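# Okay, predicted coordinates and the sequence, questions at the end:
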Amino acid sequence: MTKICLIGYGKMGRMIHQLAESKACEVVSIIDPLTGFDASRVDPNSKAIIPKYASEITKESLNDADVAIDFSHPTAAIQNLERLIELGQNTVVGTTGWHEQLSEITAKAETAQIGFLYGANFSIGMNLFSRLVVSAVAVFDSFEDYDLYALEKHHAQKQDSPSGTAIELAKLILSASSRKDKVVWDKLDRRPQPDEFHFASIRGGSVPGTHSLFFDSPADTIELSHTVRSRATFAHGALMAARWIADKKGVYSFSEMIQEILC
Ligand SMILES: NC(=O)c1ccc[n+]([C@@H]2O[C@H](COP(=O)([O-])OP(=O)(O)OC[C@H]3O[C@@H](n4cnc5c(N)ncnc54)[C@H](OP(=O)(O)O)[C@@H]3O)[C@@H](O)[C@H]2O)c1
């Protein structure tokens, strides 16, 4: 059994807790500084054992976990990660909205010689979808009639926009297209320039996550979409990542892990 400490006990933390045992992981600690842990938030149908609870990340509160999994808040992630690195704790981080400081944090993780795995989307399907997106952009690239634009939809509780996945997809699209040099995230009060593509975000309801890419010509539209049905897919990916990184040193993205597993 891989021993896990959950940092953040919201939608994702709870889902990982419920599924941990089925993926040969044991949750030995929960750390959630803002809300305080409430046993009633554990799904009563879950067989999960209520582990040690703490409000701060310390050597003691980590409770000898092999891996910490952070699904907390965009504004909390950096502080949490710095603390985990300082404590030499192998870590998986799924929290989004902090990746502008990715190189700074991963440099610290390298120096501390811990195992550190990050990703904006822990769904295997999204990982494979990303490869389709790159191929599709390359296919349409030489057909000037086809413009491209993209859309992402998430539930009303999501704290950041655009999604971390949208940012990653936009980078892939720009690298695969010879016609597009810029992504525009904001509301447009003008026509998009030919070298720009618009990636819009919608927030509302309970949508776990949908990312769509459209190739649009005067004659037709081709749409590529990835739609998450349940957060369980992210939780499975995070638990897979935790087991994989438990006895490793070094920094990996989720897609690098998938690549290594496939090879
Ligand atoms: N990589 C992926 O595949 C993936 C998939 C889904 C979600 N995400 C990302 O993961 C993050 C969490 O998503 P979620 O849906 O679980 O959100 P959520 O339901 O809002 O849960 C976040 C939890 O973390 C707590 N928290 C806030 N500050 C914290 C801190 N300093 N340390 C520890 N916990 C803290 C929150 O407490 P309060 O309620 O008091 O704020 C809440 O309990 C978001 O950034 C989301 O975009 C990533």
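That came through fine. Note that the structure is a prediction, hence the values are computed from the model and not measured. Numbers count the residues shown, from 1 in each chain.

# Identify the residue nearest the residue of the stretch 151-263 of the chain found nearest the ligand in space, chain neighbours excluded?
Closest to the ligand within the stretch 151-263 of the chain is Phe234: 3.8 Å, counting by CB to the nearest ligand atom. The C-beta positions use only the backbone N, C-alpha and C, and glycine is treated the same way. Among residues not flanking Phe234 along the chain, Phe122 sits closest, at 4.6 Å (CB to CB, 6 or more residues apart in numbering).

# Can you report how many residues lie near the one you found?
Other residues lying near Phe122 total 27 when counted by other CB atoms under 10 Å.

# My read is that it contacts Met257, right?
No. Under the criterion of CB atoms under 8 Å, Phe122 is not in contact with Met257, lying 9.7 Å apart.

# Now do the shared contacts for the two.
Taking CB atoms under 8 Å, 6 or more residues apart in numbering as the criterion, Phe122 and Met257 both touch Ala241.

# What is the neighbour count of Ser217?
13.

# picking up where we left off before, mind listing what's buried in the helix or strand hosting the residue of the stretch 151-263 of the chain closest to the ligand?
According to DSSP states H and E, Phe234 maps onto helix 232-245. Under the neighbour-count criterion of 16 or more other CB atoms under 10 Å, helix 232-245 has 233-245 buried.

# Am I right that the residue nearest to Phe234 falls within a helix?
No. Counting by DSSP: H, G, I helix; E, B strand; the rest coil, Phe122 falls outside a helix, being coil.

# Let the chain start at 316 from now.
That works, and once the first residue is 316, the last one we named lands at Phe437.

# Ser445 should be in a helix, yeah?
Yes. Counting by three-state DSSP, Ser445 falls inside a helix.

# Name the SS class of Lys468, please.
strand.

# for the lowest-mean-pLDDT helix or strand in the chain, packing partners?
One helix or strand of the chain scores below all others by mean pLDDT, DSSP states H and E: strand 367-369, with a mean of 79. Here strand 367-369 touches strand 340-346, helix 374-377, going by 3 or more CB pairs under 8 Å, 6 or more residues apart in numbering; DSSP states H and E.

# Alright, calling it a day.
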